[in-house]
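Participant: Take this sequence and fold it.
(chains A and B)
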Amino acid sequence: AQRVTQPEKLLSVFKGAPVELKCNYSYSGSPELFWYVQYSRQRLQLLLRHISRESIKGFTADLNKGETSFHLKKPFAQEEDSAMYYCALNPGTGGFKTIFGAGTRLFVKA
Amino acid sequence: EPEVTQTPSHQVTQMGQEVILRCVPISNHLYFYWYRQILGQKVEFLVSFYNNEISEKSEIFDDQFSVERPDGSNFTLKIRSTKLEDSAMYFCASSAPNYGYTFGSGTRLTVV
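Facilitator: Residues are numbered from 1 along each chain as shown, chains lettered A, B, ... in the order given. Next comes the predicted model:
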């Protein structure tokens, strides 16, 4: 069964501290993994795709197939990073549903 | 940057009434989706749509729900007879192959 697990509902860190948002997935094939972000009162936005191997707003995420993880990391958190973060899995090429994790609320304290 | 547009932003309806939620996807995208998020819960898949037909739907998407792309531009979600438990934020999204979704800003549906 396809499943995305984000074990932390809430993560609170101080500004300037490193942050890691955990994501584990369950899927037998080679999925596409994404991170979406939802700032307060705004729409869900795509943050990262694993296949592009990019860094957006200082965030990176590495797909670890052995551990079936796709953790989101940032070395120095900023207050504007406070948001809801969703890890998501898509099993194939477009046209297939994307499964979202339950989300982790990141709160960056001054 | 292209956006997915959803209207209305908030809809209040009486139980048993029909509602139509509207979406204008990004023009060169081929795949369209509806998701919903009940307050405090996770984002749930409802339906995906490609080539003028439903490509996949969830168990939530029962006979009370339908989708249409009536004019090549709009993508609508209809709920025939709303129930209290249909109250949620409904998100439309569109995508191109191998890319993530672009979401609309959502329609908050309140069934009273």
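Participant: Would you mind naming what in chain B lies close to chain A?
Facilitator: Residues of chain B lying close to chain A by Cβ under 8 Å from any Cβ of the partner chain are B:30-31, B:33, B:35, B:41-45, B:48, B:50, B:55-56, B:58, B:91, B:93, B:95-106. In this view, the C-beta of every residue, glycine as well, is placed from N, C-alpha and C.
Participant: quick one: low-confidence parts of chain B?
Facilitator: The model of chain B has pLDDT under 70 over residues B:98.
Participant: Can you tell me which residue sits nearest the middle of it?
Facilitator: Centroid-nearest residue in chain B: residue B:34, 3.4 Å away (criterion: Cα atoms, centre = their mean).
Participant: was I right about that residue contacting residue B:94?
Facilitator: No: shown here, residue B:34 and residue B:94 do not form a contact pair, counting by Cβ atoms under 8 Å, at 10.7 Å.
Participant: hang on, the earlier thing: just the ones of the residues of chain B next to chain A in strands?
Facilitator: Counting by DSSP state E, the residues of chain B next to chain A place B:31, B:33, B:35, B:43-45, B:48, B:50, B:55-56, B:91, B:93, B:95, B:102-103 in strands.
Participant: and chain A, which of its residues are near chain B?
Facilitator: Counting by Cβ under 8 Å from any Cβ, the residues of chain A near chain B are A:32, A:34, A:36, A:42-46, A:49, A:51, A:86, A:88, A:90, A:93-103.
Participant: next one: phi and psi at the residue nearest to residue B:13 when sequence neighbours are not counted?
Facilitator: The shortest distance from residue B:13 to any non-neighbouring residue, by Cβ to Cβ, 6 or more residues apart in numbering or on different chains, is to residue B:19 (5.1 Å). Dihedral pair for residue B:19: phi -130, psi 150, per degrees, to the nearest 10.
Participant: Next, count neighbours for residue B:19.
Facilitator: As a burial measure, residue B:19 scores 20 neighbours (other Cβ atoms under 10 Å in any protein chain shown).
Participant: how much space is there between it and chain A?
Facilitator: With distances taken as Cβ to the nearest Cβ, to the nearest Å, residue B:19 is found 20 Å from chain A.
Participant: Good, we can wrap up now.
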